[in-house]
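K.L.:
Okay, predicted coordinates and the sequence, questions at the end:
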Amino acid sequence: MTESTTPAPEPTPAATSPAPEEDPRSGAAILRKIVGGDVVISFLAIIIALVIGGVLIAFADEDVADTITYVFARPTDFLGAAWTAVSDAYIAMFRGAIFDFQADTFNRAVRPITESMTFATPLILAALGVAVGFRAGLFNIGAQGQIILGGIIAAYIGFAFSLPPVLHLFLAILGGALGGALWGFIPGILKARTGANEVIVTIMLNWIAVYLIAYVLTLGKFNASGTGLRSPQVGPNAAYPPLIPDFLVPGNTFRLHWGFVVAILATVFVWWLLERSTIGFEIRAAGANPHAARTAGMSVGRITVLTLVIAGALAGLAATSQVLIDRGSLTAGVAATYGFDAITVALLGRSRPLGTFLAGLLFGALQAGGTLMQSVTSTPIDIVFVVQSVIVLLIAAPPLVRAIFRLPDPDAPPKRARAAAKEAAA
Amino acid sequence: MRVLKIAAVSAAAVMVLAACGEAPPEEGTGDNETTEAEGGDDDAAEDTEAAGPDNSDFKACMISDAGGFDDQSFNQAAHSGLTAARDSLGITIADAESNSDAEFGPNIDAMVQQGCHFVIGAGFLLEDAIQAAAEANPDTNFGLVDSGFSDENFAPVEIENAKPILFNTSEAAFLAGYLAAGMSESGTVATFGGLPIPSVQIFMDGFSDGINKYNEDNGTEVQLLGWDKEAQEGSFAGSFDDQAQGSALGEQFISQGADIILPVAGPVGLGTASVAEGSDTKLIWVDSDGFETTEYGSLILTSVLKHMGPAVEGAITETVEGSFSNEPYVGTLENGGVSLAPFHDFEDAVPQELKDKLAEYEEMIKSGELVIESPNAP
């Protein structure tokens, strides 16, 4: 992030001299710290966030508010009410996210887990894109815009043409990926050629995408309804088929579709890309130390463009899981907040493919569970956002988590060394 | 020593604080629990005891669009009908807010699953989701505020178990337009919408007609900015929550000489009000009586009221009584579903002659003698 990206074919003095000590507060250094964080930290962050969420649920509850007025006269009432509120809410969340043990039919009982997977699909795909960027040392904040562009193109191919079954879906998915890739290419080329800051460019491109989709929805074919709010529905051949066939769970009404398989394949692809391919090696090298990568003969500019194109394509795939569904159509809200949630998910997953996949599932489950929690216990769904936000906050501040649980800092020099340093200073 | 001090202080604190709140008698809590239908609906269950009729086995539910039920506007008005029905009919209620379009479907499904008998979607954007749910759950009744249903080619369709709740606001907006034309000193008035959707444009159509009628009656040339009824084109803020857009549009209209503005955009209008303050510009509010719901009462000439609460309550009452029909409810001046609010601070400023004329037209619309035509009419 701090290095300038002037394309330098012959080694410059700066590149040949040993890389200067990097400022630990620089963006790239912080990013590396987060990426290199510990599984334990992620896990503890989730626990703390759920506890804080519980406290908020308790205080949002009316019974708790009633009993707290006389908490010192009879604290058991208050504690009982708080316990009921929190456990009711979290039980509802479990019922909505994993398994509904109160359901009448098997179909309804297992539906929640499929809902979680449905919610997780766009998050996983977009987060993989953000994660690839992080590994290359790039803050790709533009997933939101990349999803929107992917959605526009996927929807257009979906509703404007009538093609045979498999081919139509395949082309629409490809279109979505291309749309996202295009929106990733722009900041990539700008950074590689001019050194433009990718954070600022991607944020600006998000806004351009927001207004672009509002405009596109008012154009001829997109605006068959005449309202400028919703495109026609995609053709039946362009929709992802349901993932769970009817013979497995008879009469199921699951929304889960083959987009989830695309998310799994994308996860495997990103793993292969980062861990096994040459490009992946270059991406990681550029992320770890761009000076060294350049000295080793890699073109950092080319890697930047390629990384953002791949990131954009993955975000574009996220859009297909929203648009290419049964009766799916394009609305201005196609990207919801997936682009921003994806950053959170990638951070929680520490930018590893498997970690991102699992983090996406967790966030999908929180979303699905939050829906039922809201309607059954009238707990505000905003609690879910608080939980998600606290997770990020803690992930971004590992020392805080370590302090809470009194964990040792792995980076800190051993005590003896510190003491020696002190003596030397004195 | 220190430990003792802390203990003494905390003991004193406990005594003082304990005196603050008195615990209710023990039996009180036990009673309520037996009457509660479900854990989450305590307050609903308690209310049924106070009110007369007890229909607590009937459950009405509502899902908001992205605005949420505390938007001081559309969703809130619709939600007030739900709570009013709980109080008057003694039914059980549940509600859920949607934060994005992707949550409409799951929220509605969650409502159906927890046994709602009547599920109401607030807003045009929920059309598809309500329609899909109505088709999948033929035993549950549905309602949709502000939109009818349409098939994939956008041709209107009727659904057996879903009732659209619509408002012909052009009738009340016509009166507002007539009033605005009569009250404008600069001869220029303006309007803008939130998004170009039928339930917004219908206000603007009626407003435009009212101004034209005034010009026709009095030979004046009051001009309307921001909406061209013929072309169905005009100014829009692009959202229902971006107040900065409301300010920008307001500034623009004021600089073009408009002295009365009708923002049809919910809270976006608050942005317009903030720039109108201090100039001679007046506002006409929409949906609710802005004199009461906003802090800009002194700027508000009148409001075009859309009585969503009573309409929702009426639809619920109908369903509770077992007479649900999928026939659309259309609020009009005649049935009191839409109306023009009182002038409040401007009561004396509006000439009696103009008031008489408004009353006359109101009667003509009610009797059907005068029909306000609009391509956006339900």
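P.N.:
Now that the structure is in, tell me what you want to look at. Here the structure is a predicted model, which means the values were calculated and not measured. Residues are numbered from 1 along each chain as shown, chains lettered A, B, ... in the order given.

K.L.:
And residue B:116, how close does it get to residue A:261?
P.N.:
As judged by Cβ to Cβ, to the nearest Å, residue B:116 and residue A:261 stand 33 Å apart. All C-beta atoms are positioned from the backbone trio N, CA, C, and that covers glycine.

K.L.:
Show the contacting residues for the residue nearest to residue B:108 when sequence neighbours are not counted.
P.N.:
What sits nearest to residue B:108 in space, not counting adjacent residues and going by Cβ to Cβ, 6 or more residues apart in numbering or on different chains, is residue B:133, at 4.6 Å. Listed by Cβ atoms under 8 Å, 6 or more residues apart in numbering or on different chains, the contact set of residue B:133 reads B:105, B:108, B:109, B:112, B:119, B:140, B:142.

K.L.:
Same check on residue A:358?
P.N.:
Contacts for residue A:358 (Cβ under 8 Å, 6+ apart) come out as residue A:349.

K.L.:
thinking again about what came up before, where does the residue nearest to residue B:108 fall, helix, sheet strand or coil?
P.N.:
Assigned with DSSP: H, G, I helix; E, B strand; the rest coil, residue B:133 falls in the helix class.

K.L.:
Residue 222: neighbouring residues, count only.
P.N.:
All of this is about chain A. 22 (other Cβ atoms under 10 Å in any protein chain shown).

K.L.:
Hmm, no, I was thinking of chain B.
P.N.:
Residue B:222: 20 surrounding residues under other Cβ under 10 Å.

K.L.:
That one touches residue B:181, doesn't it?
P.N.:
Yes. The pair residue B:222 and residue B:181 passes the contact test of Cβ atoms under 8 Å, sitting 4.2 Å apart.

K.L.:
What's the separation between the residue nearest to the spatial centre of chain A and residue A:171?
P.N.:
Closest residue to the average C-alpha location of chain A: residue A:342 at 1.7 Å, with Cα atoms, centre = their mean. Distance of residue A:342 to residue A:171, computed by Cβ to Cβ: 25 Å.

K.L.:
now swap in residue B:105 and tell me
P.N.:
Counting by Cβ to Cβ - residue B:105 and residue A:171 are separated by 26 Å.

K.L.:
Equivalent analysis for residue B:129, please.
P.N.:
Separation of residue B:129 from residue A:171 (Cβ to Cβ): 27 Å.

K.L.:
more crowded one of these two?
P.N.:
More crowded of residue B:129 and residue A:171, by other Cβ under 10 Å: residue B:129, with 23 against 16.

K.L.:
Tell me who's in contact with the residue nearest to the more buried one when sequence neighbours are not counted.
P.N.:
By the measure of Cβ to Cβ, 6+ apart, the closest residue to residue B:129 outside its immediate chain neighbours is residue B:104, 3.7 Å from it. The neighbours of residue B:104, taking Cβ under 8 Å, 6+ apart as the test, are B:63, B:65, B:98, B:121, B:125, B:126, B:128, B:129.

K.L.:
7 Å - rerun?
P.N.:
Applying Cβ atoms under 7 Å, 6 or more residues apart in numbering or on different chains to residue B:104 gives the contacts B:63, B:98, B:126, B:129.

K.L.:
Could you give me the buried positions within the strand or helix carrying it?
P.N.:
Take DSSP states H and E as the rule and residue B:104 turns out to sit in helix B:104-113. Under the neighbour-count criterion of 16 or more other Cβ atoms under 10 Å in any protein chain shown, helix B:104-113 has B:104, B:105, B:106, B:107, B:108, B:109, B:110, B:111, B:112, B:113 buried.

K.L.:
what pLDDT does the nearest residue to the second one once chain neighbours are set aside get?
P.N.:
Nearest residue to residue B:105, sequence neighbours excluded (Cβ to Cβ, 6+ apart): residue B:129, at 4.9 Å. The predicted structure scores residue B:129 at 89 on the pLDDT scale.

K.L.:
chain center to the host helix or strand of residue B:129, what's the gap?
P.N.:
Per DSSP H and E: residue B:129 is located in helix B:127-136. Between the centre of helix B:127-136 and the centre of its host chain there is 22 Å, according to Cα atoms, centre = their mean, to the nearest Å.

K.L.:
Pairing partners for the next helix or strand after that helix, with directions?
P.N.:
Moving toward the C-terminus from helix B:127-136, the next helix or strand (DSSP H and E) is strand B:141-145. Strand pairing for strand B:141-145, determined by DSSP bridges: strand B:118-122 (parallel), strand B:162-167 (parallel).

K.L.:
Please produce JSON lines containing these, extended by mean pLDDT, distance to residue B:156 and mean neighbour count.
P.N.:
Shown next, in JSON lines, are these (pLDDT from 0 to 100; distance: least, Cβ to Cβ, whole Å; neighbours: other Cβ atoms under 10 Å in any protein chain shown):
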{"stretch": "strand B:118-122", "mean pLDDT": "94", "distance to residue B:156": "17", "mean neighbour count": "29"}
{"stretch": "strand B:162-167", "mean pLDDT": "93", "distance to residue B:156": "9", "mean neighbour count": "25"}
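
K.L.:
Compare these and report which one is nearest to residue A:95.
P.N.:
Ranking the strands paired with strand B:141-145 by proximity to residue A:95 (Cβ to Cβ) places strand B:118-122 first, at 19.3 Å.

K.L.:
How far away from the center of its chain is the closest one?
P.N.:
How far strand B:118-122 lies from its chain's middle: 14 Å, per Cα atoms, centre = their mean.

K.L.:
How about residues contacting that strand?
P.N.:
The contact list for strand B:118-122, computed with Cβ under 7 Å, 6+ apart, reads B:60-65, B:74-75, B:78, B:108, B:111-112, B:129-130, B:140-145, B:312, B:316, B:319.

K.L.:
Just want the angle from that strand to helix B:127-136.
P.N.:
Orientation note: strand B:118-122 sits at an angle of 170 degrees relative to helix B:127-136 (axes from the mean of the first three to the mean of the last three Cα atoms, to 10 degrees).

K.L.:
tell me the mean pLDDT over stretch B:202-218?
P.N.:
Taken as a whole, stretch B:202-218 has a mean pLDDT of 95.

K.L.:
buried ones in it?
P.N.:
Buried residues in stretch B:202-218, counted by 16+ other Cβ under 10 Å: B:202-215.

K.L.:
and of these, the nearest to chain A?
P.N.:
Set against chain A, the nearest of those by Cβ to the nearest Cβ is residue B:202 (12.5 Å).

K.L.:
State the three-state secondary structure for residue B:261.
P.N.:
Assigned with three-state DSSP, residue B:261 falls in the strand class.

K.L.:
Ok, residue B:304 next?
P.N.:
strand.

K.L.:
Could you verify that residue B:334 is part of a helix?
P.N.:
No. Assigned with three-state DSSP, residue B:334 falls outside any helix and is coil.

K.L.:
per-residue pLDDT, the residue lying closest to it once chain neighbours are set aside?
P.N.:
Excluding its sequence neighbours, the residue lying closest to residue B:334 (Cβ to Cβ, 6+ apart) is residue B:366, at 4.6 Å. According to the prediction, residue B:366 has pLDDT 93.

K.L.:
Would you confirm that residue B:366 contacts residue B:336?
P.N.:
No. Taking Cβ atoms under 7 Å as the definition, residue B:366 is not a contact partner of residue B:336, at 9.9 Å.

K.L.:
Only the buried residues of stretch A:341-356, if you could.
P.N.:
For stretch A:341-356, a neighbour-count test (16+ other Cβ under 10 Å) marks A:341-353, A:355-356 as buried.

K.L.:
Not counting that stretch itself, show me its contacts.
P.N.:
Residues outside stretch A:341-356 that contact it (Cβ under 7 Å, 6+ apart): A:34-35, A:37, A:42, A:123-124, A:126-128, A:130-131, A:134-135, A:141, A:143, A:267, A:270-271, A:274, A:358-360, A:363, A:388, A:391-392, A:395-396.

K.L.:
mind listing which of these are in helices?
P.N.:
Judged by DSSP state H, these include A:34-35, A:42, A:123-124, A:126-128, A:130-131, A:134-135, A:143, A:267, A:270-271, A:274, A:358-360, A:363, A:388, A:391-392, A:395 as members of helices.

K.L.:
center of chain B - which residue?
P.N.:
Centre-most residue of chain B, counting by Cα atoms, centre = their mean: residue B:74, 3.1 Å.
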